[in-house]
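Novice: Need a 3D model of the sequence below.
(one chain, ligands or ions: 1)
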Amino acid sequence: RVGLMLPYTGTFAQLGVAIENGFRLAINEQGGKLGGREIEFFKVDDESEPSKGIENANKLVQRDKVDVIVGTVHSGVQMGIHKVARDSGVLSLIPNAGVHAATRAQCAPNVFRTSFSNSQPTRALGAAMMAKGHKKAVWITWKYAAGDEAFEGFKESYTAAGGTIVKELGLPFPNVEFQALLTEIAALKPDAVACFFAGGGAAKFMKDYAAAGLQGKIPLYGSGFLTEGVLDAAGPAANGVMTTLHYSDSLDTPRNKEFRLNYAKTFKLQPDVYAVQGYDTGLLLIQGMNAVKGDVTKKVELYKAMESATINSPRGKWTMSKSHNPVQDIYLRVVENKENKVLGVAAKA
Ligand code: PHB
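Specialist: Residues are numbered from 1 along each chain as shown. The predicted structure follows:
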């Protein structure tokens with residue numbers, strides 16, 4: 001019994017769909033079963049609403065009696081799932097949300113993340129910006145765990161490389177009234193801007209940035225979520241935006257090409273990092289379930305198999321850290337012609 005707790009409405013709706021698609025693709029490619037057993041799916045729309053996180057996770061655990069929760073996208077909602085996972089012992093697979101606590105202070109034997117921690121992508125960003133000679137930067141984000149923790153990685157890497165953060169700007173999630181903040185950026189005239197936004201809000205941010213006359217004048221950087229799944233919506237406003245992330249559309253490997261082709265054929269959509277993370281969640285669960293032949297009560301063996309797994313991902317092979325977070329390469333990318341083009345590895349492992 002597999003529970004999917006994902007956003008199917010709101011600014012992260014597309015992200016939830018991509019994760020579910022990727023997850024189903026991985027399982028279907030291996031015959032549609034887990035450890036030889038049929039799967040029953042249960043779904044909850046978490047609306048990216050943190051105040052309903054515990055209640056929604058409990059619907060899956062108590063009402064639907066799922067063996068595993070796959071979810072979610074939003075760091076605040078994840079903390080609700082995390083509490084339920086720790087209290088109930090249900091297997092929890094995190095296909096996106098990067099909230100640090102889940103794989104740091106509150107890491108748990110039954111909780112595995114297949115995506116990233118919030119400061120991981122931006123920890124590779126500072127050096128890349130300084131290499132371009134951008135010595136003074138403004139940081140802008142949604143003010144909640146994901147944005148604040150992304151800032152932690154940016155601040156550490158950018159200041160270590162000799163950069164100065166002249167201003168931190170923020171607005172509440174999921175607000176998209178960027179105008180006053182963009183006016184402030186224009187007045188501050190930094191060498192560059194770095195940010196965390198994702199989903200529908202990210203497309204709007206890049207469009208507003210261009211409309212404010214800042215595109216091409218003050219280079220825009222970010223953790224790569226900024227340009228994932230939104231390149232059609234953002235259009236030319238995304239051109240030239242440089243980001244760091246654990247995936248790139250253009251990774252020139254047979255594994256990535258095969259994945260992109262199968263995903264596009266199956267769903268008539270181009271995959272993005274969220275689809276890859278969902279896919280890898282499927283790959284991890286398959287490895288775990290094969291090790292126990294589908295018997296989820298064999299927890300020690302199940303966790304051991306997942307802990308020691310190497311995931312042959314479209315992003316490149318990755319392994320689990322001791323606290324169950326991916327050890328992976330972070331790529332430097334640039335948007336060109338509606339594609340996230342890889343420029344190189346910005347941080348290894
Ligand atoms: C998060 O809330 O952890 C989050 C949401 C969307 C992203 C990345 C992180 O693209």
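Novice: Not counting residues beside it along the chain, what's closest to residue 194?
Specialist: Excluding its sequence neighbours, the residue lying closest to residue 194 (C-beta to C-beta, 6 or more residues apart in numbering) is residue 221, at 4.5 Å. Any C-beta I mention is one placed from the backbone N, CA and C, and that applies to glycine too.
Novice: ok, which residues in this structure are in contact with the ligand?
Specialist: Counting by C-beta under 6 Å from any ligand atom, the chain comes close to the ligand at 73, 74, 75, 96, 97, 98, 99, 118, 146, 198, 225.
Novice: Please verify my assumption that residue 302 contacts residue 89.
Specialist: No: assessed by C-beta atoms under 8 Å, residue 302 is found out of contact with residue 89, at 11.8 Å.
Novice: Among these two, which residue is more densely surrounded?
Specialist: Neighbour comparison, residue 302 and residue 89: the larger count goes to residue 302, with 23 against 13 (by other C-beta atoms under 10 Å).
Novice: how much space between that one and residue 67?
Specialist: Counting by C-beta to C-beta, to the nearest Å, the separation of residue 302 from residue 67 is 10 Å.
Novice: Run through the bridge partners of residue 34.
Specialist: Counting by DSSP bridges, residue 34 is bridged to residue 37.
Novice: Retrieve the pLDDT associated with it.
Specialist: pLDDT recorded at residue 34 is 97.
Novice: Show the contacting residues for it.
Specialist: Neighbour list for residue 34: 2, 27, 285, 286, 289, 294 [criterion: C-beta atoms under 8 Å, 6 or more residues apart in numbering].
Novice: What is the burial count for the fourth one?
Specialist: Other residues lying near residue 286 total 19 when counted by other C-beta under 10 Å.
Novice: Equivalent analysis for the first one, please.
Specialist: Counted with other C-beta under 10 Å, residues neighbouring residue 2 total 23.
Novice: Same question for the third one.
Specialist: Close neighbours of residue 285, defined as other C-beta under 10 Å, add up to 26.
Novice: now do the fifth one
Specialist: By the measure other C-beta under 10 Å, the count of residues near residue 289 is 25.
Novice: Spatially, what comes nearest to it if we skip its sequence neighbours?
Specialist: Residue 289 sits nearest to residue 35 (C-beta to C-beta, 6+ apart), 3.4 Å away.
Novice: number of nearby residues for that neighbour?
Specialist: For residue 35, the count of nearby residues is 19 (other C-beta under 10 Å).
Novice: and the residue in the stretch 201-349 of the chain that the ligand sits nearest to, what is it in contact with?
Specialist: Using C-beta to the nearest ligand atom, residue 225 is the residue of the stretch 201-349 of the chain that sits closest to the ligand, at 3.4 Å. By C-beta under 8 Å, 6+ apart, the residues touching residue 225 are 121, 196, 197, 198, 199, 202, 243, 245, 273.
Novice: do the same with residue 183
Specialist: Contact analysis of residue 183 by C-beta under 8 Å, 6+ apart lists residue 212.
Novice: pull the CA atoms of the helix or strand hosting it into CSV?
Specialist: In this assignment (DSSP states H and E), residue 183 forms part of helix 179-188. Output of helix 179-188 as CSV, limited to C-alpha atoms (Å, rounded to 0.1, in the frame of the first residue of the first chain):
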residue,chain,number,x,y,z
GLN,A,179,7.5,44.6,-8.0
ALA,A,180,8.7,46.6,-4.9
LEU,A,181,11.6,44.2,-4.3
LEU,A,182,12.7,44.4,-8.0
THR,A,183,12.6,48.2,-7.7
GLU,A,184,14.9,47.9,-4.6
ILE,A,185,17.3,45.6,-6.5
ALA,A,186,17.5,48.1,-9.4
ALA,A,187,18.4,50.9,-6.9
LEU,A,188,21.0,48.7,-5.1
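Novice: can you pull the buried residues of it?
Specialist: If you call a residue buried by 16 or more other C-beta atoms under 10 Å, then helix 179-188 has these buried ones: 181, 182, 185.
Novice: Among the residues of the chain next to the ligand, which lie within helices?
Specialist: Those of these mapping onto helices are 75, 146, per DSSP state H.
Novice: Need the residues of the chain next to the ligand in TSV (columns: pLDDT).
Specialist: Listed next are those as TSV, based on pLDDT from 0 to 100:
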residue	pLDDT
73	98
74	98
75	98
96	98
97	98
98	98
99	98
118	98
146	98
198	98
225	98
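Novice: And the pLDDT for residue 128?
Specialist: 97.
Novice: ok, back up a step: can you list residues touching both of residue 302 and residue 67?
Specialist: Both residue 302 and residue 67 are in contact with 91, 296, where contact means C-beta under 8 Å, 6+ apart.
Novice: hang on, the earlier thing: what's the closest of the buried residues of helix 179-188 to the ligand?
Specialist: Of all these, residue 181 has the smallest distance to the ligand: 19.3 Å, by C-beta to the nearest ligand atom.
Novice: In space, what's closest to that closest one - neighbours in sequence excluded?
Specialist: Residue 181 sits nearest to residue 169 (C-beta to C-beta, 6+ apart), 5.0 Å away.
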